[in-house]
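Student: predicted model follows, preceded by the sequence.
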There are 2 protein chains.
Amino acid sequence: MAIFQSEEQYIGELKRRSGLPQGFSVATTTLDFVSREREQELTMNLALLLLDQPSDRFAGVFTSNRFCGGPIVIGRRRIREKQLRAVLINNRVANVGAPGGVEDARKLCDTLGGLIGEAGERIMPASTGIIGWRLPVAEMTAALPKLIDGLRKDSALPVARAIMTTDSYPKLHREDLGQGSIVGVAKGAGMIEPHMGTLLVFLLTDLSMDRNELDRCLRSCVESTFNRISVDGDQSTSDMALLFSSGRKPAVSEDSFREALEMVCSRLAEDVVRNGEGVGHVIRICLQGAPDPNTAAAAAKAVVNSPLVKTAVFGNDPNVGRIVSALGDFADAARFHLDLNRLRVSMGGVEIFAGGCFLLDTEKEARLNSYLKESALDALKKGFPEHDRQVLLEVDLGAGDARAEVLGADLSYQYVKENADYRS
Amino acid sequence: MAIFQSEEQYIGELKRRSGLPQGFSVATTTLDFVSREREQELTMNLALLLLDQPSDRFAGVFTSNRFCGGPIVIGRRRIREKQLRAVLINNRVANVGAPGGVEDARKLCDTLGGLIGEAGERIMPASTGIIGWRLPVAEMTAALPKLIDGLRKDSALPVARAIMTTDSYPKLHREDLGQGSIVGVAKGAGMIEPHMGTLLVFLLTDLSMDRNELDRCLRSCVESTFNRISVDGDQSTSDMALLFSSGRKPAVSEDSFREALEMVCSRLAEDVVRNGEGVGHVIRICLQGAPDPNTAAAAAKAVVNSPLVKTAVFGNDPNVGRIVSALGDFADAARFHLDLNRLRVSMGGVEIFAGGCFLLDTEKEARLNSYLKESALDALKKGFPEHDRQVLLEVDLGAGDARAEVLGADLSYQYVKENADYRS
């Protein structure tokens, strides 16, 4: 992916991408409220995604964390409705673990429905922010007319901005195909933010794919992109990805739609990893030679989630022992027979383990230490997220044909700082 | 457990504990060598645990990491021998992932056996230290006569010191029972040290328990103590726990032996957690209301291993959202039905979650913030490990009668620093 030289260049690129597919409009607004839990004055963003007409072309996936927010409870039900019309999104308060959270979200959708002449059940709620607090329903209700007044058809960028919490830049990607396009926005800063429900993804298209196609494509793309990033192994209480089609443009083949959707999703997913405030290195694990795809993905995640591997990468240490140890530990837990004599591990294209032994010497270690230093993210370029700096780890288990790619991050001082800072 | 006011007091207590059970002698020595992998001059400690006579009363458990060291490969075989006589232990080089590692360890045992008039197969090797390097076999062989010359019967403390790597203090505990005693030493600094194989535990007794009793007691105690500590979820390549009886004193009942052994093991295990260089808080999770013991232990570990929970505790943040989210994530992964309405969570005796809702207000948060600050380990008292400072988390899943206790640690800057520092 391109490396941006300046903020202007990056914003210009975002604008280019941000044109809405036909059949949608969006709006954003802000409101002030005092949280009753902490008596703190805060500002909240509201955003609205609106289809011109109710659509029966949509799909959604939701977090499987059993401790989930009010919007997830409602969303799981409404994704089975015949038609949907809109998504109402707020940041700042995640509406998780708060008394009356489901009822609060339902009321807001009903009120919005009354204002736009739509049934409340056709509106999906989505929230991200602090866990445990109640939504400021009165203030949000009062802001709805202003929100609706601001509906526009030109750009998805305001929504990408409005759904940010601790994200340091908006995440927006597009693919044009056939006579239409797919535009996606996401929110999420590497699951690192205190008390924040994490990943929200909204995908809009005007290509008239049918509901089953959208469902299959969304599930497959989420599995190969968002479910393959892992910053700290914690699954959020609020994750959701929604895909809507306005049906305004002719359909394309399911395969080409899936391919374009996967491109949008994988770029959004990479942005999420890179945006982690505490991320010093992005780590890409390409694992092959697994007996089946599930084992491949789980083994790759075991490596990228090992605190000892993560801290070694942060310290620019080509620590092959920790990588192999993480694989050995995984093999034990997964009851998978790991043949060390067939295992091969490379870092940055340099082989570091084969034939049951470490292939490191002083010269090779120095070379890999430099490679790791050069792969670190440039802290000064914060906000210019798209670049190709990453640490590449290739693993061959030598036990089959299945493969998986997983994107993760190192474990840095900054990660601890971000997550340890007391909220007050 | 007692809090020590001074280093003298602590050393005095260690000496009191360190008397060897009858029928054993120990020795330690040091040697210098140049590592061929890094051309570095280093010092290694050697230690010897020797039974006066070969014994058929012993038991051992070994790491189940598939990537394990030469001593583990040999130990798994020798633990099935009819009789054992000695353990030869070195620090500095873990003998893991190095070519010829099994053969190197075997040769050293054979040479030692020749010197003490014992079959090499009756000697267990144990190593801890850097992964990937070969043992300096020539230098170690040359040091064996001096090692044997130093055999003594008075104190286990030199062994507790000799097996240290980055440990900041020796770990030694004893229980007297019947006419004899159990003395245990352990090595391990919270799995936090770069490239170090981690946990070695040696338990000596003169009580003439039979082999089956020793095996049952060791397995049960390791399960309830060392397998219930979790500093970063990584399992070492070198972990082993060995228990030997000299049979010099009358047996006691299996139950009372198990109880005493569990006391020794649990104190050693707590020392290991507290000794983690990067450990700012020890976290004790008492979980009840699980459908079965495995679920209880796994749920407790899921909480104590969550990076978001660990960083929150480091930051003195009573972050109930992260605790409940970790449980929700675990419930999903384990396909366990978590009823949030029956879940109860307390911190330091203060209820923070019940009836599906957070029970936090500004006053309670301030109180828990103080509790967390007061529970932090005193960095100035390093080396005085035994105290009762810990963060107590009580969880009731409300889904059965099984319970588990797990000891873990927070995630601090110091943890990252320790693990990221490049070895050179």
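Tutor: Looks like it arrived, so ask away. Residues are numbered from 1 along each chain as shown, chains lettered A, B, ... in the order given.
Student: and the residue nearest to residue A:100 when sequence neighbours are not counted, what element?
Tutor: Beyond its immediate neighbours in the sequence, the residue positioned closest to residue A:100 (CB to CB, 6 or more residues apart in numbering or on different chains) is residue A:134, lying 6.7 Å away. Every C-beta, even on glycine, is put in place using the N, C-alpha and C of the backbone. Of the helices and strands defined by DSSP states H and E, none includes residue A:134.
Student: what's next to stretch A:292-300, contact-wise?
Tutor: Outside stretch A:292-300, the residues that touch it by CB atoms under 8 Å, 6 or more residues apart in numbering or on different chains are A:227-228, A:285, A:287-288, A:290, A:327, A:330-331, A:334, A:336, A:395, A:397, A:400, A:402-406.
Student: go with 10 Å
Tutor: For stretch A:292-300, contacts defined as CB atoms under 10 Å, 6 or more residues apart in numbering or on different chains pick out A:223-224, A:227-228, A:230, A:284-290, A:326-327, A:330-331, A:333-334, A:336, A:338, A:393, A:395, A:397, A:399-408.
Student: so which of the residues you listed reach chain B?
Tutor: Near chain B, judged by CB under 10 Å from any CB of the partner chain, the entries from the contacts of stretch A:292-300 are A:326-327, A:330-331, A:333-334, A:336, A:338.
Student: any chance of the residues you listed in TSV with distance to residue B:109, secondary structure and neighbour count as columns?
Tutor: Output for those, formatted as TSV (distance: CB to CB, whole Å; DSSP: H, G, I helix; E, B strand; the rest coil; neighbours: other CB atoms under 10 Å in any protein chain shown):
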residue	distance to residue B:109	secondary structure	neighbour count
A:326	30	helix	24
A:327	29	helix	28
A:330	31	helix	24
A:331	28	helix	24
A:333	31	helix	14
A:334	33	coil	15
A:336	31	coil	18
A:338	27	coil	21
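Student: tabulate these (JSON lines), appending pLDDT and distance to residue A:153.
Tutor: Converted to JSON lines, these look like this (pLDDT from 0 to 100; distance: CB to CB, whole Å):
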{"residue": "A:326", "pLDDT": "90", "distance to residue A:153": "49"}
{"residue": "A:327", "pLDDT": "93", "distance to residue A:153": "51"}
{"residue": "A:330", "pLDDT": "91", "distance to residue A:153": "49"}
{"residue": "A:331", "pLDDT": "91", "distance to residue A:153": "54"}
{"residue": "A:333", "pLDDT": "84", "distance to residue A:153": "51"}
{"residue": "A:334", "pLDDT": "88", "distance to residue A:153": "50"}
{"residue": "A:336", "pLDDT": "87", "distance to residue A:153": "52"}
{"residue": "A:338", "pLDDT": "90", "distance to residue A:153": "55"}
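Student: can you name the two of those residues that are farthest apart?
Tutor: Maximum pairwise distance among these (CB to CB): 13.1 Å, between A:326 and A:336.
Student: residue in the stretch 1-150 of chain A nearest to chain B?
Tutor: residue A:67 (2.8 Å; CB to the nearest CB).
Student: how near is that residue to residue A:256?
Tutor: For residue A:67, the distance to residue A:256 (CB to CB, to the nearest Å) stands at 38 Å.
Student: those two: who's more crowded?
Tutor: residue A:67 (27 against 14; other CB atoms under 10 Å in any protein chain shown).
Student: helix, strand or coil: sort out that one for me.
Tutor: coil (DSSP: H, G, I helix; E, B strand; the rest coil).
Student: so how far is residue A:151 from it?
Tutor: Residue A:67 is 35 Å from residue A:151, by CB to CB.
Student: where does pLDDT dip in chain A?
Tutor: The model of chain A has pLDDT under 70 over residues A:1-4, A:189-197, A:232-235, A:277, A:379-384, A:421-424.
Student: is the helix ranked longest in it up against chain B anywhere?
Tutor: Secondary structure of chain A per DSSP state H: the longest helix is helix A:254-275. No: Helix A:254-275 is not in contact with chain B by CB under 10 Å from any CB; minimum separation 15.0 Å.
Student: so residue A:280: helix, strand or coil?
Tutor: Put simply, residue A:280 is coil when judged by three-state DSSP.
Student: now residue A:201
Tutor: What three-state DSSP gives for residue A:201 is strand.
Student: check contacts around it.
Tutor: So residue A:201 contacts A:60-61, A:126, A:163, A:171, A:184-188, A:218, A:221-222, A:225-226, A:239-243, A:264-265, A:268-269, A:272 (CB under 10 Å, 6+ apart).
Student: quick one: contacts for residue A:227?
Tutor: A:61, A:219, A:221, A:235, A:239, A:269, A:297, A:301, A:406.
Student: can you pick the most crowded of those residues?
Tutor: Neighbour tally across the contacts of residue A:227 (other CB under 10 Å): the maximum, 28 neighbours, falls on residue A:221.
Student: re earlier: thought the residue nearest to residue A:100 was touching residue A:99?
Tutor: Yes: using CB atoms under 10 Å, residue A:134 is in contact with residue A:99, at 7.0 Å.
Student: who has more neighbours, the two?
Tutor: residue A:134 (16 against 11).
Student: for the stretch 1-150 of chain A, what spans make up the strands?
Tutor: For the stretch 1-150 of chain A, the strands defined by DSSP state E, counting those that start in this stretch occupy A:24-35, A:40-55, A:58-62, A:84-90, A:123-127.
Student: just the ones you listed: most buried one?
Tutor: strand A:123-127 (a mean of 28; mean count of other CB atoms under 10 Å in any protein chain shown).
Student: what packs against it?
Tutor: strand A:40-55, helix A:70-78, strand A:84-90, helix A:101-116, strand A:200-207, strand A:240-249 (3 or more CB pairs under 10 Å, 6 or more residues apart in numbering or on different chains; DSSP states H and E).
Student: and of the ones you listed, who's closest to residue A:158?
Tutor: Of all these, strand A:40-55 comes closest under CB to CB, at 7.5 Å.
Student: ok and that closest one relative to strand A:58-62, angle-wise?
Tutor: Here strand A:40-55 runs at an angle of 140 degrees relative to strand A:58-62 (axes from the mean of the first three to the mean of the last three CA atoms, to 10 degrees).
Student: how far does strand A:40-55 sit from its chain's centre?
Tutor: Remark: strand A:40-55 is offset 19 Å from the chain centroid, using CA atoms, centre = their mean, to the nearest Å.
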